[in-house]
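Colleague: fold the following and give me the result.
(one chain, ligands or ions: 1)
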Amino acid sequence: MDLKNVFENNKVWIKSKLSKDQEYFKELGKGQNPELLYIGCSDSRVTAEDLMGLGPGEVFVHRNIANMVISIDLNVMSVVNYAVEHLKVNHVVVCGHYSCGGVKAAMQSADLGILNPWLRNIRDVYRIHKNELNAIENEEKKYDRLVELNVQEQCINLIKTATVQKAYRDRNLKVHGWVFDINTGKLIDLNIDFEGILKNIMEIYHLD
Ligand code: CO
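Modeller: Residues are numbered from 1 along each chain as shown. Below is the predicted model:
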């Protein structure tokens with residue numbers, strides 16, 4: 001890839017935006033008011049705004065390997081805190097995707113160096129749901145299911161935070177789990193039972 005093209009593309013993009021709205025960048029410069037926080041995978045095939053048909057200013061984005069929400073990851077926790085408490089987003093989405101390399105790596109027993117502690121969190125998801133996963137004989141289906149269960153667990157990790165619990169109580173913030181199907185382009189809502197999970201985990205994780 002010739003990186004010169006990126007700058008040429010940028011010029012074309014600016015022109016196309018300004019042709020529709022002369023004030024486009026002036027408006028962008030005024031600040032942001034997104035309604036959605038999107039936590040997705042760093043995978044180059046799973047773009048955030050593109051697949052949702054959203055543009056600049058509409059979604060606050062955090063991406064890491066396998067869309068993880070880890071309580072001691074200062075990065076994701078700062079993003080959640082800022083988006084929920086300061087930008088006051090109404091929805092937090094964890095979006096996983098089929099054919100996720102991070103999830104696949106976690107399914108294999110191997111020493112992957114610096115990735116070990118990160119993937120450990122996905123291996124923990126496997127351990128929690130071992131009976132269900134081991135009952136699936138088809139490897140591809142098992143892989144897809146772990147992707148879904150990982151999204152669900154990361155939603156639960158969000159619900160465990162005081163930030164999310166407070167915003168739910170005060171202004172009905174919602175948490176959603178989605179999967180992007182790379183093979184069809186389709187976005188699938190896993191219909192995570194946000195309120196059910198919240199009630200269920202409050203016994204141990206009630207923080208607000
Ligand atoms: Co991925």
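Colleague: near the ion, which residues of this protein?
Modeller: 41, 43, 100, 102 (C-beta under 5 Å from the ion). (Glycine included, C-beta is placed from N, CA and C.)
Colleague: what about Asn33, how many neighbours?
Modeller: 10 (other C-beta atoms under 10 Å).
Colleague: with the one 3 residues further on instead?
Modeller: Neighbourhood size, Leu36 [other C-beta under 10 Å]: 19.
Colleague: identify the bridge partners of it.
Modeller: When bridges are called by DSSP bridges, Leu36 pairs up with Val59, His91.
Colleague: that one and Gln22, how far apart?
Modeller: Distance of Leu36 to Gln22, computed by C-beta to C-beta, to the nearest Å: 27 Å.
Colleague: can you check Ile70 too?
Modeller: From Ile70 to Gln22 the distance is 44 Å (C-beta to C-beta).
Colleague: which helix of the protein spans the most residues?
Modeller: Longest helix in the chain, counting residues (DSSP state H): helix 139-159.
Colleague: next structured bit after that one?
Modeller: helix 162-171 (DSSP states H and E).
Colleague: ranges for the strands of the chain?
Modeller: 36-41, 59-64, 91-97, 174-181, 186-189 (DSSP state E).
Colleague: those into CSV, with extra columns for mean pLDDT?
Modeller: Rendered in CSV, the data for these read as follows (pLDDT from 0 to 100):
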stretch, mean pLDDT
strand 36-41, 98
strand 59-64, 98
strand 91-97, 98
strand 174-181, 97
strand 186-189, 98
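Colleague: how about those strands in JSON lines, adding distance to Leu198?
Modeller: Formatted as JSON lines, the strands of the chain follow (distance: least, C-beta to C-beta, whole Å):
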{"stretch": "strand 36-41", "distance to Leu198": "17"}
{"stretch": "strand 59-64", "distance to Leu198": "21"}
{"stretch": "strand 91-97", "distance to Leu198": "13"}
{"stretch": "strand 174-181", "distance to Leu198": "9"}
{"stretch": "strand 186-189", "distance to Leu198": "18"}
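Colleague: point to the residue nearest the middle of this structure.
Modeller: Geometric centre of the chain, nearest residue: Ile39, 2.3 Å, by C-alpha atoms, centre = their mean.
Colleague: hmm, back to that, highest neighbour count among the residues of the chain next to the ion?
Modeller: Cys100 (27 neighbours).
Colleague: between the strands of the chain, which one is closest to Arg127.
Modeller: Between Arg127 and those, the shortest gap by C-beta to C-beta is with strand 91-97, which sits at 17.9 Å.
Colleague: what comes up buried for the closest one?
Modeller: 92-97 (16 or more other C-beta atoms under 10 Å).
Colleague: do the same with stretch 71-78
Modeller: Buried residues in stretch 71-78, counted by 16+ other C-beta under 10 Å: 73, 76.
Colleague: check stretch 24-40 too.
Modeller: Quick answer for stretch 24-40 (16+ other C-beta under 10 Å): 24, 34, 36-40.
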